[in-house]
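Chemist: quick one, structure for this:
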Amino acid sequence: GRTLSHAYVILDEAQNATINQFKMFLTRMGENAKFIVTGDITQIDLPNKGTSGLTYATRILEGIPDITILRYQPEDIIRHRLVTKIVEAFDAHTAEEEEAMDIRPRRYAPSSRKPHKDAESETTTVKKTEDEQSTRSDTV
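Modeler: Here you go, the predicted structure:
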């Protein structure tokens, strides 16, 4: 693989890198290189949040000399004054409250995929998840 020497390298949105991707990125560090990693563990978009390389790496790398981990707090936000209040409001809600309000994304098992025929447009839609659909046109 490629070695990144004499460079500043930034990995942004690192919360969405898997553990293997994160390891691959960090092991590219060469002589006189500085690696900067940014991410927000409250905004993980991976299907399984437990596979985030950022959360894993911060657990196992913290305390190693020459590795610094900074964790920002709501008061560190320098956007619009309301952003801090918005973040605090979201942080106040727990996963139990989200479950009670039934706002978690739903996933359908592959066996529950059933074709639906739209007679007007003559298109068959196969329901995969709420977020993704696959469509194919029928020929008559």
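Chemist: going by C-alpha atoms from here, please, whenever you check contacts or count neighbours.
Modeler: Will do.
Chemist: buried stuff in the top helix by length along the chain?
Modeler: Identified as the longest helix of the chain according to DSSP state H is helix 81-92. Neighbour-count burial for helix 81-92 flags T84 (criterion: 16 or more other CA atoms under 10 Å).
Chemist: how many residues are close by the residue nearest to T51 when sequence neighbours are not counted?
Modeler: Here the nearest residue to T51 in space, its sequence neighbours aside, is T18; by CA to CA, 6 or more residues apart in numbering that works out to 5.5 Å. By other CA atoms under 10 Å, the residues close to T18 number 20.
Chemist: what of R79?
Modeler: Residues lying near R79 (other CA under 10 Å) number 8.
Chemist: can you classify it as helix, strand or coil?
Modeler: Assigned with DSSP: H, G, I helix; E, B strand; the rest coil, R79 falls in the coil class.
Chemist: flag the shaky bits of this structure, pLDDT-wise.
Modeler: For the chain, the stretches with pLDDT under 70 are 94-96, 98-99, 101-140.
Chemist: can you give me the helices in it?
Modeler: Taking DSSP H as the criterion, the chain contains helices spanning 19-26, 53-61, 81-92, 95-101.
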